[in-house]
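[1] sequence and predicted structure, then a few things I'm wondering about:
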Amino acid sequence: MNYRHAFHAGNHADVLKHIALLALIDTLKRKDTPFFVLDTHAGRGRYQLGGEESRKTNEADAGVMRLMAEAALPEVIERYLRAVQADNQSVARPATPGQKPTRTTAGIQLNYYPGSPLLTAQALREQDRMAFCELQPDEAEALKGLFAKDSRVRVHAGDGYAAIRAFLPP
């Protein structure tokens, strides 16, 4: 399968998945015990919302951007939106030729959409560990670049289904 998540980043499915992911991680962190997260289909980790792929489908408009425009949301959703905004604040704006700079709604601008790997790394503690797998070589390289200095993270270019056996006990 030749799936490129950049066309779909920030859509309604991402929003639901990432809200649930952060809620689960917050629940796991209630105990002091370290834990491990395995993402078998990690993608590149961060997506340009003003990029060509995202602009082709505009799926983020009905997903993350729609939520950003809402005034009163449950705390679990606000938690997710704060994480998305925090990632945007941590990254300098790109100077990619031909790229429209931002997505804007209700006066809020987003240049990027953080994927599961970035949201996970942002939420985990120093003692927790994570491994991210990505089959597409260029996506895996981008992911490796994002986490080159994070000792908690291992990135594997390869089949995520095969990684389940390697990382998780039977």
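    Arrived safely, thanks for sending.
[2] for the rest of this, base every contact and every neighbour count on C-alpha atoms.
    Will do.
[3] can I get the CA coordinates of the helix or strand where Phe132 lies in PDB?
    Using DSSP states H and E, Phe132 falls within strand 129-134. C-alpha atoms of strand 129-134 as PDB (Å, rounded to 0.1, in the frame of the first residue of the first chain):
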ATOM      1  CA  ARG A 129      10.500   4.800  26.200                       C
ATOM      2  CA  MET A 130       9.100   4.700  22.800                       C
ATOM      3  CA  ALA A 131       9.800   3.100  19.400                       C
ATOM      4  CA  PHE A 132       8.400   4.300  16.100                       C
ATOM      5  CA  CYS A 133       8.300   2.200  12.900                       C
ATOM      6  CA  GLU A 134       7.700   3.500   9.400                       C
END
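[4] could you say what helices and strands it packs with?
    strand 36-39, strand 153-157, helix 160-167 (3 or more CA pairs under 8 Å, 6 or more residues apart in numbering; DSSP states H and E).
[5] quick one: strands adjacent to it?
    strand 36-39 (parallel), strand 153-157 (parallel) (DSSP bridges).
[6] just say helix, strand or coil for Leu67.
    At Leu67 the chain is in helix, as set by DSSP: H, G, I helix; E, B strand; the rest coil.
[7] my error: substitute Gly50 in the last question.
    Assignment for Gly50 (three-state DSSP): coil.
[8] and for it, the neighbour number?
    Gly50: 21 surrounding residues under other CA atoms under 10 Å.
[9] ok so, going back, out of the strands paired with strand 129-134, flag the one nearest Leu67.
    strand 36-39 (24.9 Å; CA to CA).
[10] quick one: mean pLDDT for the closest one?
    Confidence for strand 36-39, expressed as mean pLDDT, is 98.
[11] now swap in stretch 114-131 and tell me
    98.
[12] could we number from 37 for the rest of this?
    Understood, numbering begins at 37; the last thing we discussed is stretch 150-167.
[13] span of it from start to end?
    Distance across stretch 150-167, first residue to last, is 16 Å (CA to CA, to the nearest Å).
[14] that one: which residues count as buried?
    150-157, 159-160, 164-167 (16 or more other CA atoms under 10 Å).
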